[in-house]
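# 3D model of this:
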Amino acid sequence: MGAAWSEEVELASGELIVLKRTVSGVGLGELGGSGYVRTLKMTLLVKGSRTADPPQMFEAEDVIPIIFDYDAASKEWVVVATMNDCNVWRKLGSPRLPYFEYRTSRGVWRYVELSDSMIGKSANVLTDIDLGGEKPYVEKSEKMHRNKVSAERFGSVMKEWPFNVNCQ
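Sure thing, here's the model as predicted:
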């Protein structure tokens, strides 16, 4: 199963950028939904930005990005992702919440502890992904509508563990 598409993403600054995304996985259900999908690989690539030089492609296994942004204060690109299963949570050190933050340093993505400033932020990338095939281009308005049907932890960075996720 897999999909490739481009989507509009609004940064915290208000700038609208376009991300080129790919996902490949195996399993039953849909990403961001109630079914189980084991994500094999997900990529995000900025097609252009007025805010800053685009970072290198973000590539991750077994995490599902929910936020893509630019932190003007630190001059870093940021991805916040959640897990699809508990194995990645354990692999990344069993953090307090089921979210993982990645930031650029000299253009290279690195995993960091989840910033308090990310808690409560709403998803700005497509989380209700159709692994059977996405539309080639997903506009912001459509994405926001589709994201409303995603599982709760995909909609925003929650300050407590979702009741339906138990890895502890």
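# what are the ranges of the helices in this protein?
86-91, 140-147, 152-155 (DSSP state H).
# Go through the ones you listed and pick out the most buried.
Highest mean neighbour count of the helices of the chain: helix 152-155, a mean of 19 (counted as mean count of other Cβ atoms under 10 Å). Just so you know, the C-beta spots here come from the backbone N, C-alpha and C atoms, and that holds for glycine as well.
# which secondary structure elements does it contact?
Where contact means 3 or more Cβ pairs under 8 Å, 6 or more residues apart in numbering; DSSP states H and E, helix 152-155 is packed against strand 63-71.
# Can you give the strand pairings for the strand it packs on, parallel or anti for each?
Within its sheet, strand 63-71 is paired with strand 76-83 (antiparallel), according to DSSP bridges.
# next one: the partner strand to chain centre, how far?
6 Å (Cα atoms, centre = their mean, to the nearest Å).
# quick revisit: to R50, which of the helices of the chain lies closest?
Judged by Cβ to Cβ, the one of the helices of the chain that comes nearest to R50 is helix 140-147, at 16.5 Å.
# which outside residues touch the closest one?
7-10, 16, 32, 123, 125-128, 138, 154-155 (Cβ atoms under 8 Å, 6 or more residues apart in numbering).
# looking at the helices of the chain, which is closest to D53?
That would be helix 140-147 among the helices of the chain, by Cβ to Cβ, at 22.6 Å.
# now this protein, which segments are flagged as low pLDDT?
For the chain, the stretches flagged by pLDDT under 70 are 27-39, 162-166, 168.
# same thing but 80
The model of the chain has pLDDT under 80 over residues 1-2, 25-40, 48, 84-85, 130-133, 148-153, 161-168.
# any chance of the helices of the chain in a markdown table, plus distance to I119?
As requested, these are exported to a markdown table (distance: least, Cβ to Cβ, whole Å):
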| stretch | distance to I119 |
| --- | --- |
| helix 86-91 | 17 |
| helix 140-147 | 18 |
| helix 152-155 | 12 |
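# That'll do, ta.
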